[in-house]
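Participant: A structural model of the following input is requested.
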Amino acid sequence: MGRRKRKQASPKRVKRVPKIFTCPDCGEKSVKVTNINKKGAFATVKCGNCGITKEVLINSISEPVDAFGDFIDIFYADQELQRLEKRILKLKQENQLGEL
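Facilitator: Down below sits the predicted model:
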């Protein structure tokens, strides 16, 4: 009599950090972080589809995903600022500034 054979353990997949990201403006997976300049402390984040470009500050240990995270934060903060400015203008036209 022999022993029962065990199922071999499959090797675990190593998750890698992506190099191409999804654009928050157009939704396409075409944002790439380029020109990571450690000495100048800037990285350029650019969408190949809609052309949105931003330079973000980085430090000596930053990776492309860190630069993209900063880009996302700046993008949504700017969107929120524009939304609030439009609301202020609308309320000024209606003379209802008390609702802010």
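
Participant: contacts, neighbours, all on C-alpha from now
Facilitator: OK.

Participant: what's the burial count for the closest residue in space to residue 21 that isn't next to it in sequence?
Facilitator: In space, and not counting its chain neighbours, residue 21 is closest to residue 31: 4.9 Å by Cα to Cα, 6 or more residues apart in numbering. Counted with other Cα atoms under 10 Å, residues neighbouring residue 31 total 23.

Participant: Give me the pLDDT value at residue 31.
Facilitator: pLDDT recorded at residue 31 is 89.

Participant: Thought residue 45 was touching it, still the case?
Facilitator: Yes - the pair residue 31 / residue 45 is scored as a contact, 6.9 Å apart, by Cα atoms under 8 Å.

Participant: which other helices and strands contact the helix or strand of the chain with the lowest mean pLDDT?
Facilitator: Least confident helix or strand of the chain, by mean pLDDT, DSSP states H and E, is strand 31-37 with a mean of 81. For strand 31-37, the packing partners by 3 or more Cα pairs under 8 Å, 6 or more residues apart in numbering; DSSP states H and E come out as strand 20-21, strand 42-47, helix 64-93.

Participant: Direction included, what does it pair up with?
Facilitator: strand 20-21 (antiparallel), strand 42-47 (antiparallel) (DSSP bridges).

Participant: Pick the most deeply packed of these.
Facilitator: Ranked by mean neighbour count, these are led by strand 42-47 with a mean of 21 (mean count of other Cα atoms under 10 Å).
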